[in-house]
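Trainee: the following comprises the amino acid sequence and a computationally predicted model.
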Amino acid sequence: MTRTCSLSDDQRFPLLSENGRRLLERLWEHPAAPRYNFRCGDQLTGASLARVRAYEQELNAAQDRWAHGETPVWVKDYAAWCLREVPFYRRGVASAEDFLALPTCDRADLSREPWSFVPDSQSLDEMIVYDSTGTTGAPLYVASHPEVSAKYLPALRAALAHHGVTLDGGPDRVAIMTICAQDYTLTYATVSAFLDEAAYVKINLNPHDWRDAEDRVRFIDDCQAEIFSGDPLAFAALAQLPITTRPKALVSSAMTLLPAMQQQLEAHFNCPVIDVYSLCESRFIAARRQDAFEIIPHDIFIEILDTDGHLCQPGERGEIVLTGGRNPFQAMLRYRTDDYAAIEWRDGRPVLVQFEGRQPTVFIDPQDRLINNINVTQALKGFALAQFSLHQFADRSLRLRMRGYDVEEASVRKALLNLFGGEQELRIETLTDTNVRGGKVIQYTTDLGAASLVQSDFSFRRTTVTRSPLSVL
């Protein structure tokens, strides 16, 4: 969600041409359009658009990243700058000489005092604010700049190119349509100066957001968007509609995309489905290709740390920690994401493997064996589940809630009992809208405390969350 002061259309669209205005009016006044509940623009000036285009050139030209155990020069320089300019990092730290000795920070720090992450030298004139509550109900307010959202698009283009897909944009067309399937979300139509005034449209498939439920198909087919973005649940809902549009690609984020669901969607829409790792705090980070997430931006440095804060070896799973980024209102120096993966180097470039965008959760089977949630994901990967949650109660019984494509409960039960053992008590229910909040669900939870896991190699530090969907503009 974006919160700004009241703006005129001239302020929302400083570079709007007559072609762009006609496209906006066509989308706003379309006879099958949804009941839009928000109005926004990219707010890019000529100077900021030039900087975004320069960023794309830098991203495409960047070749080297970093080697294991190496801290790039730019990261050390950035750390030194943070210690000078950013109030949060100045406290008690005098030097950035030993980067690995610098303290880490996390979402709790950012949520408690977001203003302290703003550099002293940063003008506040163009500040906008995003808020994200995830599933915890604890708000996170992220100060940002119009260029940050626009710079998502070069990273997206680069990720698409790895799959042979182009994002062309251009006047008089819709470049990206974000599909949501939620009780409520912001919906709007806008244009992107970076994409030569191609449109970006965000819609919600909830029939209550439309004058006529049939308008959903009419509007989507008339827009003929190049790319659909969304999450697996939204794409599963979209697949139930008789649309004829076939986009160049689906870009999935916010929730775990299981392989079977990806295969179903690719077969249905006849295009690649690209799984993206992106956070509200940092925006675009990586995109999946085969079995790894390729780190796309050149201005983010990633460490993998163990529970004691030590650097993990290649292939060793730990927490993803970010430094850098492109948000002038939020300096990120060793920011703990609460997402987990291992890092490997392929062709000299770092990639994320064993990725699980949530805190590792440990379950206990009837034989007192410890089951990591990543093993549960592996057990369920053959099922086209759009959304699911697994909870273990204090008596060690399990409850799985799920919904997806023609999934047989008996087959899912068999897969989980193969993992947990035949004596495991397991209840399977249909996941309904009453079980979720705004289309979001905490995927893995347990009532078993750390005292039950004294023999475990895992630890509990924070509550698991599922990332909320983000629009790109």
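Mentor: That came in fine, so what should we check first? As the structure is a computational prediction, the values presented were derived from the model and not from experiment.
Trainee: every contact and neighbour count from this point should use C-alpha atoms.
Mentor: Will do.
Trainee: how does this protein divide into domains?
Mentor: 2-355, 362-453 (automatic domain parsing).
Trainee: among those, which is the most enclosed?
Mentor: Greatest average neighbour count among the domains of the chain goes to domain 2-355 (a mean of 18), per mean count of other Cα atoms under 10 Å.
Trainee: roughly how far out does it sit from the chain middle?
Mentor: 7 Å (Cα atoms, centre = their mean, to the nearest Å).
Trainee: let me have the domains of the chain in a markdown table, extended by mean pLDDT.
Mentor: A markdown table is the format used below for those (pLDDT from 0 to 100):
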| stretch | mean pLDDT |
| --- | --- |
| domain 2-355 | 91 |
| domain 362-453 | 85 |
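Trainee: what comes into contact with the helix or strand harbouring Asp221?
Mentor: Element membership of Asp221, judged by DSSP states H and E, is helix 215-223. The contact list for helix 215-223 (Cα atoms under 8 Å, 6 or more residues apart in numbering) reads 30, 32-34, 173-174, 205, 210, 241-245.
Trainee: could you do stretch 367-384 as well?
Mentor: 258-262, 264, 356, 360-365, 404-407, 412, 415-416, 419-420, 444, 456.
Trainee: which of these fall within helices?
Mentor: Members of these lying in helices (criterion: DSSP state H): Pro259, Ala260, Met261, Gln262, Gln264, Val412, Ala415, Leu416, Leu419, Phe420.
Trainee: and the two most separated of those residues?
Mentor: Gln264 and Phe420 (26.9 Å; Cα to Cα).
Trainee: Tyr444 - nearest residue in space that isn't next to it in sequence?
Mentor: Leu390 (5.1 Å; Cα to Cα, 6 or more residues apart in numbering).
Trainee: same question for Arg349.
Mentor: Arg349 sits nearest to Arg65 (Cα to Cα, 6+ apart), 6.1 Å away.
Trainee: can you classify the one you found as helix, strand or coil?
Mentor: Arg65 falls in the coil class when you classify it by DSSP: H, G, I helix; E, B strand; the rest coil.
Trainee: that one and Pro31: what is the separation?
Mentor: From Arg65 over to Pro31 the distance is 49 Å, taken as Cα to Cα, to the nearest Å.
Trainee: next one: Gln63
Mentor: 48 Å.
Trainee: surely Gln43 meets Val148?
Mentor: No: counting by Cα atoms under 8 Å, Gln43 sits too far from Val148 to count as a contact (11.1 Å).
Trainee: all the helices of this structure, in order from the start?
Mentor: 9-12, 18-28, 46-61, 73-85, 87-90, 107-112, 146-150, 152-161, 215-223, 232-238, 259-269, 373-380, 409-420.
Trainee: same list (these) but as CSV, adding distance to Val321.
Mentor: Formatted as CSV, those follow (distance: least, Cα to Cα, whole Å):
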stretch, distance to Val321
helix 9-12, 34
helix 18-28, 40
helix 46-61, 21
helix 73-85, 13
helix 87-90, 16
helix 107-112, 11
helix 146-150, 20
helix 152-161, 19
helix 215-223, 38
helix 232-238, 26
helix 259-269, 26
helix 373-380, 19
helix 409-420, 31
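Trainee: of all these, which one is nearest Ala198?
Mentor: helix 18-28 (7.6 Å).
Trainee: ok, and what's touching that closest one?
Mentor: By Cα under 8 Å, 6+ apart, helix 18-28 touches Ala33, Pro171, Asp172, Arg173, Ala189, Thr190, Val191, Glu197, Ala198, Ala199.
Trainee: backbone dihedrals for the fourth one, please?
Mentor: Right, the one you point to is Arg173. Main-chain dihedrals, Arg173, degrees, to the nearest 10: phi -140, psi 160.
Trainee: likewise the third one?
Mentor: Dihedral pair for Asp172: phi 70, psi 20, per degrees, to the nearest 10.
Trainee: excluding chain neighbours, what is closest to it?
Mentor: Using Cα to Cα, 6+ apart and skipping the chain neighbours, the partner closest in space to Asp172 is Leu23 (5.8 Å).
Trainee: same check on His163?
Mentor: Closest to His163 by Cα to Cα, 6+ apart is Pro272, at 7.5 Å.
Trainee: quick check: that neighbour vs Ala175, distance?
Mentor: For Pro272, the distance to Ala175 - Cα to Cα - is 16 Å.
Trainee: just the CA atoms of the lengthiest strand in the chain, as CSV, please.
Mentor: Of all the segments of type strand in the chain, defined by DSSP state E, the longest one is strand 332-346. Once non-C-alpha atoms are left out, strand 332-346 reads as follows in CSV (Å, rounded to 0.1, in the frame of the first residue of the first chain):
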residue,chain,number,x,y,z
MET,A,332,20.4,-1.1,4.4
LEU,A,333,23.5,-2.3,6.2
ARG,A,334,23.6,-6.0,7.1
TYR,A,335,19.8,-6.2,7.2
ARG,A,336,18.5,-9.6,8.4
THR,A,337,15.5,-10.5,6.2
ASP,A,338,14.1,-13.5,8.1
ASP,A,339,14.3,-15.5,4.9
TYR,A,340,16.6,-18.5,4.5
ALA,A,341,18.7,-20.0,1.8
ALA,A,342,22.3,-21.2,1.0
ILE,A,343,24.5,-19.4,-1.4
GLU,A,344,26.6,-21.1,-4.1
TRP,A,345,28.8,-19.8,-6.9
ARG,A,346,28.0,-20.8,-10.5
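Trainee: which residues does it contact?
Mentor: Contacts of strand 332-346 (Cα under 8 Å, 6+ apart): 67, 79, 82, 102-107, 117, 304, 314-325, 350-360, 462, 464.
Trainee: same thing with stretch 253-271?
Mentor: 229-232, 235-236, 239, 246-250, 272-273, 275-278, 356-357, 377, 380-387, 405, 466-470.
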